[in-house]
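Peer 1: The amino acid sequence is not available; the structure is as follows:
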């Protein structure tokens, strides 16, 4: 069984448990005040295994399913026996990195909470885009296939725009920080990926 499927199963189980047990939800959720003032650092990671509702869970796990397998295959080819370790580092640190800005920004706001696997999923999505920028993707509600690197540009612009609007209670910057981590991770573990990224794009013209 692939790591992506294992992560999906674990996340679904914990999310369902938290839906039924609000005490568990409150224990695992990312609360920057508790992280900063009560030293409950585990929340920065555990919040990635719970979700606000069934649709939130479905969207994140569907994206992980779509992109996770491809990234695992790439990693097995590039890193051999270290592939699973690198994949876990990419995903788990994506959750952590995407939540750190909130720790800084909201550390004195006791009632601010966030949750979801979006940061980790975004790190997988952007790592996939770095490795295969010409893969055709579609962004709802635009029913037009586009190269993955164009998708990434639109995604970044959309996340920045929606964060400034702040009207839907979604932590859009967590998506962006997770995606940035995915790019930085690939630069560190496989520097040639950046050269390959631009070569693939330039070679398409």
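Peer 2: Cool, got the structure. Remember, predicted model here, so these are calculated numbers, not experimental data. Residues are numbered from 1 along each chain as shown.

Peer 1: quick one: the strands in this structure?
Peer 2: For the chain, the strands defined by DSSP state E cover 136-139, 142-147.

Peer 1: Pipe those into a markdown table and attach mean neighbour count per row.
Peer 2: Backbone N, C-alpha and C define where each C-beta goes, glycine included. As requested, the strands of the chain are arranged in a markdown table below (neighbours: other Cβ atoms under 10 Å):
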| stretch | mean neighbour count |
| --- | --- |
| strand 136-139 | 14 |
| strand 142-147 | 12 |
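
Peer 1: Tabulate those (CSV), appending distance to residue 102 and mean pLDDT.
Peer 2: Formatted as CSV, the strands of the chain follow (distance: least, Cβ to Cβ, whole Å; pLDDT from 0 to 100):
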stretch, distance to residue 102, mean pLDDT
strand 136-139, 25, 78
strand 142-147, 29, 81
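
Peer 1: could I get those as JSON lines with distance to residue 47?
Peer 2: Supplementary listing: those in JSON lines, determined by distance: least, Cβ to Cβ, whole Å:
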{"stretch": "strand 136-139", "distance to residue 47": "26"}
{"stretch": "strand 142-147", "distance to residue 47": "30"}
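
Peer 1: For residue 53, find the nearest of these.
Peer 2: Distances from residue 53 to each of those were compared by Cβ to Cβ, and the smallest falls on strand 136-139, at 21.8 Å.

Peer 1: Tell me the strands beside that closest one, with direction?
Peer 2: According to DSSP bridges, strand 136-139 has the following sheet partners: strand 142-147 (antiparallel).

Peer 1: among the strands of the chain, which is nearest residue 164?
Peer 2: Residue 164 lies closest, by Cβ to Cβ, to one member of the strands of the chain: strand 136-139, at 19.1 Å.

Peer 1: Test my guess that residue 201 contacts residue 135.
Peer 2: No. Taking Cβ atoms under 8 Å as the definition, residue 201 is not a contact partner of residue 135, at 11.8 Å.
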